[in-house]
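S.K.: coordinates only, sequence not included:
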């Protein structure tokens, strides 16, 4: 049994979804299964040192070292040298929920990024993130960025009718093509040439994927080069407002020592847990935790050209006007409502599939019957995988907002929040939040769409 190690430490208890079978080493470091490079050095927390230089700067504390917290830290430190920025993270490694992400991105109909700063928020986040990941790969170093399309799997006439309503001519989602010709389907995705169940595809030609851990590692390195302090293994217990700013009480997970951190500006980038910490300061942030789970295979007979998702869940959510895209009821035994599937093949050949969801935090638990349901769908679509074993499974809790848009901006003077982005749009969401903190007017129209107070 392989335990996850990082910087010489056993971190399985913090990321126990990474603990799998002897096949676990088949998966790339940082992508859910196996060991991260033990030679990598983790950041070490440094106590506040009130040097004259620091006293002259405004102190910003960001809680959370996932994609949102790290990208916010990077953009802040890049744009303003008058800030003293520190990031607190409870885990002993970078990445947060990002490490559990599928890292799938598919984009709309635009071939090139336009000036979307006053347009659709979700569309802008997708294109801004895509362009930034591309820049990271080309200029910063390898993050396993791959440009690839995404296909929606249509298995019956009901799914095809809904697909046409959403993605067809006159549909509300632009830029996709519905393909029903069998030869064309096999040309777009050769892995489907032997599939008897696939009736059509929704083909999104533009998109990509990255390695979540490499992205977070790269952002952290840039932020630290720009003077940001990243303190891992610091569990934030609570936050309070003082006359002079904010106090963040946290515990060092190694020593157990309690530390009170002072901040002029407090930034909460804690995924669905933002709700709890914002409430400590008298604010309501309506984000909920959505349990999601995934599994991995290391196939010898399938090479996917595209990312993929299934239409079964989308049909159910559309017909029943389900606001939160969950597949099971909220209370035990979590009765099944529908099936949802998405998948990606990473550069080393490992396939990652997921989609089963419960609208609550299950604290890392994996529902085995959910894995079995997803495996059944996968093997129905790809018969060449019928004898492939699962090499690992894991779960995480995703932040879901009432309108499925990010919550990004100011709750009060000097208190900021970011949640609900999803990994692939997280870096662009951090760009927006940094702009809000800096008082930059460039993204004013986009920030109005993401305003935390829009639900009041």
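M.R.: On my side now, so go ahead. If you're wondering where the values come from, they're calculated on a predicted model, not measured in any experiment.

S.K.: What residues sit buried inside stretch 80-89?
M.R.: Using 16 or more other Cβ atoms under 10 Å as the test for burial, stretch 80-89 gives 80, 83, 84, 85, 86, 87, 88, 89. (Glycine included, C-beta is placed from N, CA and C.)

S.K.: Just the ones of those residues in helices?
M.R.: Using DSSP state H, no member of these falls in helices.

S.K.: Need those in CSV (columns: pLDDT and distance to residue 281).
M.R.: Shown next, in CSV, are the buried residues of stretch 80-89 (pLDDT from 0 to 100; distance: Cβ to Cβ, whole Å):
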residue, pLDDT, distance to residue 281
80, 74, 24
83, 94, 21
84, 96, 21
85, 97, 20
86, 98, 19
87, 98, 19
88, 98, 16
89, 95, 20
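
S.K.: Tell me where this structure has helices.
M.R.: Listed in chain order, the helices found in the chain under DSSP H are 52-55, 67-79, 121-135, 157-167, 182-188, 212-225, 274-280, 312-319, 368-381, 426-438, 444-450.

S.K.: Off-centre distance for the third one?
M.R.: Computed by Cα atoms, centre = their mean, to the nearest Å, the chain-centroid distance of helix 121-135 equals 14 Å.

S.K.: what angle separates it from helix 426-438?
M.R.: Here helix 121-135 runs at an angle of 110 degrees relative to helix 426-438 (axes from the mean of the first three to the mean of the last three Cα atoms, to 10 degrees).

S.K.: Also compute the angle for helix 121-135 relative to helix 212-225, please.
M.R.: If you take the same axes, to 10 degrees, helix 121-135 sits at 80 degrees to helix 212-225.

S.K.: Check which residues of helix 121-135 are buried.
M.R.: So, applying 16+ other Cβ under 10 Å, buried residues of helix 121-135: 121, 123, 124, 125, 126, 127, 128, 129, 130, 132, 133.

S.K.: Same question for the last one.
M.R.: Along helix 444-450, the positions that meet the burial threshold by neighbour count (16+ other Cβ under 10 Å) are 446, 447, 449, 450.

S.K.: Quick check: nearest residue in space to the third one, chain neighbours excluded?
M.R.: Computed as Cβ to Cβ, 6 or more residues apart in numbering, the closest residue to residue 449 that is not its neighbour in sequence is residue 121, at 4.1 Å.

S.K.: Which pLDDT does the model give the one you found?
M.R.: According to the prediction, residue 121 has pLDDT 90.

S.K.: Same check on residue 20?
M.R.: 37.

S.K.: got it, and residue 10?
M.R.: 57.

S.K.: same thing with residue 42?
M.R.: 41.

S.K.: Kindly report the same for the one 3 residues further on.
M.R.: Per-residue confidence at residue 45 stands at 38 (pLDDT).

S.K.: just the one 10 residues further on next, same as before
M.R.: The score at residue 55 is 63. That number is its pLDDT.

S.K.: again, but for the one 5 residues further on
M.R.: Listed pLDDT for residue 60 reads 97.

S.K.: show me where the stretch 251-400 of the chain has strands.
M.R.: With DSSP state E, counting those that start in this stretch as the criterion, the stretch 251-400 of the chain has strands at 258-263, 265-268, 288-297, 307-310, 342-345, 351-358, 392-400.

S.K.: Same list (these) but as CSV, adding distance to residue 369 and mean pLDDT.
M.R.: Compiled in CSV, the strands of the stretch 251-400 of the chain are given as follows (distance: least, Cβ to Cβ, whole Å; pLDDT from 0 to 100):
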stretch, distance to residue 369, mean pLDDT
strand 258-263, 41, 96
strand 265-268, 35, 98
strand 288-297, 11, 91
strand 307-310, 18, 95
strand 342-345, 19, 91
strand 351-358, 9, 93
strand 392-400, 12, 87
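
S.K.: Just tell me which of the ones you listed ends up closest to residue 327.
M.R.: strand 351-358 (4.9 Å; Cβ to Cβ).

S.K.: pLDDT below threshold where in this protein?
M.R.: Within the chain, the ranges that satisfy pLDDT under 70 run 1-55, 106-118.

S.K.: at 50 instead, please
M.R.: Applying pLDDT under 50 to the chain picks out residues 1-3, 15-49, 109-114.

S.K.: mind listing what residue 81 touches?
M.R.: By Cβ atoms under 8 Å, 6 or more residues apart in numbering, the residues touching residue 81 are residue 227.

S.K.: any idea how far it lies from residue 322?
M.R.: As judged by Cβ to Cβ, to the nearest Å, residue 81 and residue 322 stand 47 Å apart.

S.K.: what do you get for residue 131?
M.R.: Taking Cβ to Cβ, one finds residue 131 at 32 Å from residue 322.

S.K.: and the residue nearest to residue 435 when sequence neighbours are not counted, how far is that from residue 87?
M.R.: Excluding its sequence neighbours, the residue lying closest to residue 435 (Cβ to Cβ, 6+ apart) is residue 443, at 4.8 Å. According to Cβ to Cβ, residue 443 stands 22 Å off from residue 87.

S.K.: Between its first and last residues, how far does stretch 386-393 reach?
M.R.: Stretch 386-393 has an end-to-end distance of 17 Å (Cα to Cα, to the nearest Å).

S.K.: right, and residue 357 touches residue 340 too?
M.R.: Yes. With contact defined as Cβ atoms under 8 Å, residue 357 reaches residue 340; the gap is 6.7 Å.

S.K.: Overlap in contacts, these two.
M.R.: Counting by Cβ under 8 Å, 6+ apart, the residues touching both residue 357 and residue 340 are 325, 327.

S.K.: returning to what we had before: nearest to residue 65 among the buried residues of stretch 80-89?
M.R.: The nearest member of the buried residues of stretch 80-89 to residue 65, counting by Cβ to Cβ, is residue 89 at 3.5 Å.

S.K.: Distance check, the residue found closest to the closest one once you drop the neighbours it is linked to in the chain against residue 402.
M.R.: Using Cβ to Cβ, 6+ apart and skipping residues adjacent in sequence, the residue nearest residue 89 is residue 65, 3.5 Å away. Separation of residue 65 from residue 402 (Cβ to Cβ): 26 Å.

S.K.: between the two, which one's more packed in?
M.R.: residue 65 (29 against 14; other Cβ atoms under 10 Å).

S.K.: List the residues that contact the closest residue to residue 425 other than its chain neighbours.
M.R.: Excluding its sequence neighbours, the residue lying closest to residue 425 (Cβ to Cβ, 6+ apart) is residue 125, at 4.1 Å. Residue 125 is in contact with 406, 421, 425, 428, 429, 432, counting by Cβ under 8 Å, 6+ apart.
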